[in-house]
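1. Sequence plus predicted model, see below.
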Amino acid sequence: MPGHCLMGCFKETDLLQIMKSYTALNYGFSFFTKNPDPDQDGCTGFSPDKSTPPAGPCPEWDGQNIYLAKSSKQDAIAINAGTTIAKPTSSIVAITEAVRMGRMHPDGPKRVKIVLGGWSDYARIGSAENGVKAAKLYGKFVAHTFADGVDIDMEHLTPYDRMGDEFDGLVAFINQLRIELDDVATQWASNAAAKKAAMQSEYNSLEDWKKTNVAHYYETNFKYLDEVAANPVPYLEISWTTRFNAFLPSDNVWNYLTPDSQIPEKNYETDNEGQRLWPRAGKNIDTVNVMAYDAGGIGINMTTVLRNFVAYSGDPSIAAKVNIGFEPGEQAAGGVWEGMDADKEYARYAYENGYGGAMIWAANPNPTQAPEGSKLCPQVAAALVDVVHPVYAWGAANWTKCTSSGWWPGTFAGDLLVV
């Protein structure tokens, strides 16, 4: 509840502004590892000379918990087998609120999914058995938050595969997740009713002064959960975030380089990861977000990248699923942003040639870590609206629009309804 947020309370007005230009957002990251570390993609200790940078133990998931923070933090576990809809973790409370404000956004509904990732923060799946276990937990995660699905942000699979069966694990996860999400859809309304009943009991047990302080939160959620139960079940989506080199021709793995780009001395270890995944799980992937950034020293022709996904996946239907991805401002790995004009042109190519649209990393860059990105990302997002003409995917339901502070109209004195 407001004021008691172990995973952090939202600044509701800021969140609504961040969401404004988008039709879909991914809430990240949740992960398997007890110690999230974005530098653990090298799996040092496994390579023969133990020199593969950056260092990282790449531990295998223990099959027990999904985390939203380092395991040493209070209430870091987002969900496990013991989590119930009546006793949510603080992670579930936080994500549920992000999903709610997406659906009730004053500019119309936004889809919000939970992210499994991010690229090297996670422990290895390690096996098909673990993939099935993880899918069951993520199905439960969606059921308890009413999220619109799951995004899988694992674009460095090959190093992990040297230590276990990472592709088998991910394939099992995706295919089982489709089964789990379809099952969640059958219990959507009853879950909403159970959630409301639990919250009502919790609210009734509060002292009167506490009820006064948090009435707008509970009253908003009571009415929202009624709408969740009354509206059609949203399509529960599986998306996959990967890199620009996921699909390549075998005789020219550098075909996406711009004419003025130097050819790196070594091939990327992750080349053609998509070809190892798509034939086995592509039918259950609804959206593909392509990271065409974070690549220092090379220039990327993003139109070629888009064409590669169609030509070398063996699946012409993939085009409509693919979003070309941009990272305005600061980039990791020495990458350099191509600029606003280039992003608009690549996005226009995607729109005019039947691709899915555009993706931006990130909706909320940290102003301290990425001062330029924190300014540029919302500018690029706003500029692309008139280029790709985004629409709410899989239809829209009848959602009440929240106020400028994120609450149900009339539940908070002095609040304004944005129209």
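-> Received, thanks.

2. Can you tell me how far Gly282 is from Ala172?
-> Distance check for Gly282 against Ala172: by CB to CB, to the nearest Å, it reads 14 Å. To be clear about C-beta, it is placed using only N, CA and C from the backbone, and glycine gets the same treatment.

3. what's the answer for Ala370, then?
-> Between Ala370 and Ala172 the computed distance is 35 Å (CB to CB).

4. With neighbour numbers in mind, choose between these two.
-> Remark: of Ala370 and Ala172, Ala172 carries more neighbours, 23 against 19, as counted by other CB atoms under 10 Å.

5. Now do the same for Ile238: helix, strand or coil?
-> Here Ile238 is recorded as strand under DSSP: H, G, I helix; E, B strand; the rest coil.

6. quick one: it and Gln176 touch, right?
-> No - at 10.8 Å, Ile238 does not count as touching Gln176 under the criterion of CB atoms under 8 Å.

7. Output the contacting helices and strands for the helix or strand hosting Tyr346.
-> For Tyr346, the element it lies in under DSSP states H and E is helix 340-352. Other helices and strands packing on helix 340-352, by 3 or more CB pairs under 8 Å, 6 or more residues apart in numbering; DSSP states H and E, are helix 302-313, strand 322-326, strand 357-360, helix 371-388.

8. Could you check the angle the first one makes with helix 340-352?
-> On the basis of axes from the mean of the first three to the mean of the last three CA atoms, to 10 degrees, helix 302-313 is oriented at 40 degrees to helix 340-352.

9. what's the answer for the second one, then?
-> Calculated by the same axes, to 10 degrees, strand 322-326 forms an angle of 180 degrees with helix 340-352.

10. Parallel or antiparallel, list what pairs with strand 322-326.
-> strand 287-291 (parallel), strand 357-360 (parallel) (DSSP bridges).

11. mean confidence for the longest one?
-> Model confidence over strand 287-291 averages 97 on the pLDDT scale.

12. sorry, back to before: which one of the strands paired with strand 322-326 lies closest to Ser405?
-> Ser405 lies closest to strand 357-360 among the strands paired with strand 322-326, at 25.4 Å (CB to CB).

13. buried ones in that closest one?
-> Residues of strand 357-360 classed as buried: 357-360 (neighbour count, 16 or more other CB atoms under 10 Å).

14. which one of those is nearest Lys113?
-> Among the buried residues of strand 357-360, Met359 lies closest to Lys113 (CB to CB), at 12.3 Å.

15. what's around Ser190, how many residues?
-> Other residues lying near Ser190 total 11 when counted by other CB under 10 Å.

16. Mind giving me the packing neighbours of the strand or helix carrying it?
-> Counting by DSSP H and E, the element that carries Ser190 is helix 188-204. Judged by 3+ CB pairs under 8 Å, 6+ apart, helix 188-204 is in contact with helix 128-145, helix 208-230.

17. now those as a markdown table including distance to Ala81 and mean pLDDT?
-> Formatted as a markdown table, the helices and strands packed on helix 188-204 follow (distance: least, CB to CB, whole Å; pLDDT from 0 to 100):
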| stretch | distance to Ala81 | mean pLDDT |
| --- | --- | --- |
| helix 128-145 | 8 | 98 |
| helix 208-230 | 24 | 95 |
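
18. Quick one: closest of those helices to Arg276.
-> Taking the helices and strands packed on helix 188-204 one by one with CB to CB, helix 128-145 is closest: 14.2 Å.

19. ok, then the element right after that closest one?
-> Sequence order places strand 149-153 as the next helix or strand after helix 128-145, per DSSP H and E.
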